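Asks: Pasting the sequence and the predicted model now:
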There are 4 protein chains.
Amino acid sequence: MNDQPRLEDRITQAAERLFAQEGFAATGMRAIAQLAKVSIGAIYHHFSGKEEILEQIVREEIERRQEFLEGLRQRGLPLKDQIERLVKMHFDLLQERGDVARLFFRERFDPSPSLRVKIQDLYGNVAGYVAEIIKQGITAGEIRPCSPLLTAYEMLGMVEAVSLRALGEDETAVQFRNEGPQELATSLWLWLHIDRGGEKAHA
Amino acid sequence: MNDQPRLEDRITQAAERLFAQEGFAATGMRAIAQLAKVSIGAIYHHFSGKEEILEQIVREEIERRQEFLEGLRQRGLPLKDQIERLVKMHFDLLQERGDVARLFFRERFDPSPSLRVKIQDLYGNVAGYVAEIIKQGITAGEIRPCSPLLTAYEMLGMVEAVSLRALGEDETAVQFRNEGPQELATSLWLWLHIDRGGEKAHA
Amino acid sequence: MNDQPRLEDRITQAAERLFAQEGFAATGMRAIAQLAKVSIGAIYHHFSGKEEILEQIVREEIERRQEFLEGLRQRGLPLKDQIERLVKMHFDLLQERGDVARLFFRERFDPSPSLRVKIQDLYGNVAGYVAEIIKQGITAGEIRPCSPLLTAYEMLGMVEAVSLRALGEDETAVQFRNEGPQELATSLWLWLHIDRGGEKAHA
Amino acid sequence: MNDQPRLEDRITQAAERLFAQEGFAATGMRAIAQLAKVSIGAIYHHFSGKEEILEQIVREEIERRQEFLEGLRQRGLPLKDQIERLVKMHFDLLQERGDVARLFFRERFDPSPSLRVKIQDLYGNVAGYVAEIIKQGITAGEIRPCSPLLTAYEMLGMVEAVSLRALGEDETAVQFRNEGPQELATSLWLWLHIDRGGEKAHA
DNA sequence: AATGAATGAGGGTTCATTCAT
DNA sequence: AATGAATGAACCCTCATTCAT
């Protein structure tokens, strides 16, 4: 029975998949128990209820992204590269963990406050980090003056909209998947940075 | 008995509010009936089921936006003004019809295909229209060459991200509500248009 | 709109078909209204409810059979022929009006007393008539002494069991349909009549 | 809590009674739960739905009768005794398990195929067994040549018709209950067997 | 720690019937 | 006579959760 990771992880992994595929509301505890090969009772030994499972998933995802962002920050890369990587992170996460990404997009507007707040925390967290980058860019004279946080939301919104549209299998999705990351990175840089020393911004 | 709008409208209005506040899945027919002051049976007399109520809400919203977009197109405004108005439309819709907006943002990623498809249709519809504007701008030499559809999604994503963050009552939300529309319009124009005749784009 | 028989008949005909095909409980008033091309309200103008429609169907069927039995009685046929015709009547009714026959077999045991009583009346009526024939046969010395009513039920049971098994489309049903009437008539006569004057009963 | 039989049996017993008294379609799960003194949920814990309860009832009844028939066959009784006991079995089952008998008679013609097929299986099973007895009787020269299956249906039909009429409390029912079994056994034997060696069949 | 039988409120939907028109 | 919108109780079933084992 221990041929798998810890029982708690089996539960969150099963739940993650089902929440994303079927929806949080539509996923039953029985389904989670079945997929995790665990008894229903066992779930309630580790979690106080369905919502707590989701909370744990969110918490783990927050940590995962924070680690990524922290790593990015510490590398001291040029601004342009940092932006490029941020964009890439979104696309990669959507490919590797598309289920959970979709789950987040959906539950971000969940009516249950406790849940929504946690997911929006994650979002605010990422936005805050991006805003920080922008602020530094402004200070360094690389980015045109603007409201860092507002601009961060704009950036994230752009990336998300394209990423999400890239999820399907239709022609547009495929195109977006192929061209999206590069196009986004170029667009963003073009939009943010200050054209110095006569270089043509739109060259 | 006719001191209220048509029964069908009372139902959709009640459903709209509840779907947005509680979620589509979490909203019961009984709750809709109660809020609409209608018997459950009456709902089924006008709609084949819960999903059809949502369909109607979506359909109406599509029509509402299409009318707006059509009106915008026919006015023959300068490109910059069109974009400004598009942005404003989003913000206004979020204030006047915040419920339905939230509903759409949430259910856009619902796993139930019938639901998702309907809402994504609305989104694709708007995106298509924006892409059309962009294409015309490119032809007219006012907008830098780019993939119109991808850029449309970027635009909509930017506006949405800011609009959504502007929904709450915290300090940031208030700020976004005040500065957002103008900032977005400026940003977008700055980002899209071609700097001609020696004007400084970032002046 | 009067391109059909009386509205009342349209209703009973539609109901008859649906009751037989779908079951009494499973048939909705809306379905009857639809098939009869009549409004629901109109049905309630002519019948007090669903049960009364069934009652009317039963009543009509009772009359139909009573007419047949009355006609048979008045013809003064030899006993053997009367039995032959009784058997044939069952088979014919099952072919021509199989729906309603099945309906009767089913609802004969319906829990609703008012309904059951009516259908059992029909059955008792037919049994009484058959018992009468048997009694006359005994008096005439053509039929062996026996309890006429009990024997009548035995006879009807035999015929019914074979008729019902003959309803399907499987091999056995087809065989029963082909051989049943003759075999039943022969069997019955063999079973009932007194072997007089040295004729071989089992010849 | 275990002062009663197994919960599953309580459910089938309650359902059996209600199905018979009220009809399968007219019996609600709530009523079953109430009579069985069980929660609705518990029913669904043991059965996949209402139909499965019926299935189980049918299955048990099939087994009960098969055991009886198997026991009868293995006793190696004279043919006449076997028939006598078959008839008696029907009457006894109608007294001891009148509910389920009525249930079967009614639902045998239910339009829902899944239901009908299950019950007709039971019937075909019994008929097949009776046909087997008849076939052996023919081979042994004790029964006149005939189509065994058709004759089996005739036999069962006779017995059933009398049994059913014997169910009520009116005068005829009482009479049938008293005289029926003997009269049926005598009739059947008279009808089936070959008069050998000059005995008078109708003596 | 782990099980899974049991709970019963609530899910969406259908129904026979009523009644204003 | 005829309509069909409206009613709300009842339908079968699923749910998250509890608890004796």
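Replies: Looks like it came in fine.

Asks: Chain A: helices as residue ranges?
Replies: For chain A, the helices defined by DSSP state H occupy A:7-22, A:29-35, A:40-46, A:50-75, A:79-96, A:98-107, A:113-139, A:148-165, A:171-192.

Asks: any bit of the lowest-mean-pLDDT helix or strand in chain A sitting next to DNA strand F?
Replies: Counting by mean pLDDT, DSSP states H and E, chain A has its least confident helix or strand at helix A:98-107, which shows a mean of 78. No: with CB under 7 Å from any atom of the strand as the measure, helix A:98-107 is seen stopping short of DNA strand F, the closest distance being 14.3 Å. Glycine gets a C-beta too; all of them are placed from N, C-alpha and C.

Asks: Pull the residues that contact that helix.
Replies: With contacts defined as CB atoms under 8 Å, 6 or more residues apart in numbering or on different chains, helix A:98-107 is touched by A:16-17, A:19-21, A:23-24, A:54, A:57-58, A:61, A:93-94, A:115-116, A:119, A:122, A:160, A:163-164, A:167, B:106-110.

Asks: again, only this time at 7 Å
Replies: A:16-17, A:19-21, A:24, A:57, A:61, A:93-94, A:115, A:119, A:164, A:167, B:106, B:109-110 (CB atoms under 7 Å, 6 or more residues apart in numbering or on different chains).

Asks: That helix versus helix A:113-139: what angle between them?
Replies: 100 degrees (axes from the mean of the first three to the mean of the last three CA atoms, to 10 degrees).

Asks: Pull out the buried positions in helix A:98-107.
Replies: A:99-107 (16 or more other CB atoms under 10 Å in any protein chain shown).

Asks: Return the residues in contact with A:G157.
Replies: Here A:G157 is in contact with B:157-158, B:160-162 (criterion: CB under 7 Å, 6+ apart).

Asks: How about A:Y129?
Replies: A:L69.

Asks: again, only this time at 8 Å
Replies: A:69, A:73.

Asks: Just the pLDDT at it, thanks.
Replies: If you check A:Y129, the pLDDT there is 87.

Asks: which two in the buried residues of helix A:98-107 are spaced the farthest apart?
Replies: The most widely separated members of these, counting by CB to CB, are A:D99 and A:E107 (12.3 Å).

Asks: Tell me how many other residues crowd A:K135.
Replies: 17 (other CB atoms under 10 Å in any protein chain shown).

Asks: Once you drop chain neighbours, what's closest to it?
Replies: Distance criterion CB to CB, 6 or more residues apart in numbering or on different chains; nearest residue to A:K135, sequence neighbours excluded, is A:P148 at 4.5 Å.

Asks: Distance of the closest residue in space to A:E160 that isn't next to it in sequence relative to chain C?
Replies: Nearest residue to A:E160 in three dimensions, chain neighbours excluded: B:G157, at 5.6 Å (CB to CB, 6+ apart). Shown here: B:G157 relative to chain C, a distance of 48 Å by CB to the nearest CB, to the nearest Å.

Asks: For B:V130, find the nearest of the helices of chain A.
Replies: helix A:148-165 (11.2 Å).

Asks: The closest one: which residues count as buried?
Replies: For helix A:148-165, using 16+ other CB under 10 Å, the buried residues are A:148-165.

Asks: Just the C-alphas of that helix, formatted as CSV.
Replies: Written as CSV, here are the backbone C-alpha positions of helix A:148-165 (Å, rounded to 0.1, in the frame of the first residue of the first chain):
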residue,chain,number,x,y,z
PRO,A,148,4.1,49.5,-11.3
LEU,A,149,1.3,47.5,-9.9
LEU,A,150,-1.3,48.5,-12.5
THR,A,151,1.2,47.7,-15.2
ALA,A,152,2.0,44.4,-13.5
TYR,A,153,-1.7,43.5,-13.7
GLU,A,154,-1.8,44.6,-17.4
MET,A,155,1.2,42.4,-18.1
LEU,A,156,-0.2,39.4,-16.4
GLY,A,157,-3.5,39.9,-18.0
MET,A,158,-1.9,39.9,-21.4
VAL,A,159,0.0,36.8,-20.8
GLU,A,160,-2.9,34.9,-19.3
ALA,A,161,-5.3,35.8,-22.0
VAL,A,162,-3.0,34.4,-24.6
SER,A,163,-2.0,31.4,-22.6
LEU,A,164,-5.6,30.4,-22.0
ARG,A,165,-6.5,30.8,-25.6
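
Asks: pLDDT on it, on average?
Replies: 89.

Asks: chain center to it, what's the gap?
Replies: 11 Å (CA atoms, centre = their mean, to the nearest Å).

Asks: Over to stretch A:119-136?
Replies: 12 Å.

Asks: Name the residues of it that come out as buried.
Replies: A:119-120, A:122-124, A:126-127, A:129-131, A:133-135.

Asks: quick one: which of the residues you listed is nearest to DNA strand F?
Replies: A:I119 (18.5 Å; CB to the nearest atom of the strand).

Asks: Setting the sequence-adjacent residues aside, check what's closest to that closest one.
Replies: A:R108 (4.8 Å).

Asks: My read is that that neighbour contacts A:V126, right?
Replies: No: shown here, A:R108 and A:V126 do not form a contact pair, counting by CB atoms under 8 Å, at 12.0 Å.

Asks: A:K80 against A:W189, yeah?
Replies: Yes: under the criterion of CB under 8 Å, A:K80 makes contact with A:W189 at 5.5 Å.

Asks: Please report how far A:V100 lies from A:A166.
Replies: A:V100 sits 16 Å away from A:A166, taking CB to CB, to the nearest Å as the criterion.

Asks: and if you look at A:E67?
Replies: Counting by CB to CB - A:E67 and A:A166 are separated by 24 Å.

Asks: Looking at those two, which one has more neighbours?
Replies: A:A166 (24 against 10).

Asks: Just give the nearest non-adjacent residue to the more buried one, would you?
Replies: A:A166 sits nearest to A:F176 (CB to CB, 6+ apart), 3.8 Å away.

Asks: what residues are up against that neighbour?
Replies: A:162, A:165-166, B:150, B:153.

Asks: pLDDT score for it?
Replies: pLDDT, A:F176: 90.

Asks: re earlier: include distance to B:G41 when you put the helices of chain A into JSON lines, please.
Replies: Below are the helices of chain A laid out as JSON lines (distance: least, CB to CB, whole Å):
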{"stretch": "helix A:7-22", "distance to B:G41": "30"}
{"stretch": "helix A:29-35", "distance to B:G41": "32"}
{"stretch": "helix A:40-46", "distance to B:G41": "36"}
{"stretch": "helix A:50-75", "distance to B:G41": "32"}
{"stretch": "helix A:79-96", "distance to B:G41": "44"}
{"stretch": "helix A:98-107", "distance to B:G41": "32"}
{"stretch": "helix A:113-139", "distance to B:G41": "34"}
{"stretch": "helix A:148-165", "distance to B:G41": "39"}
{"stretch": "helix A:171-192", "distance to B:G41": "42"}
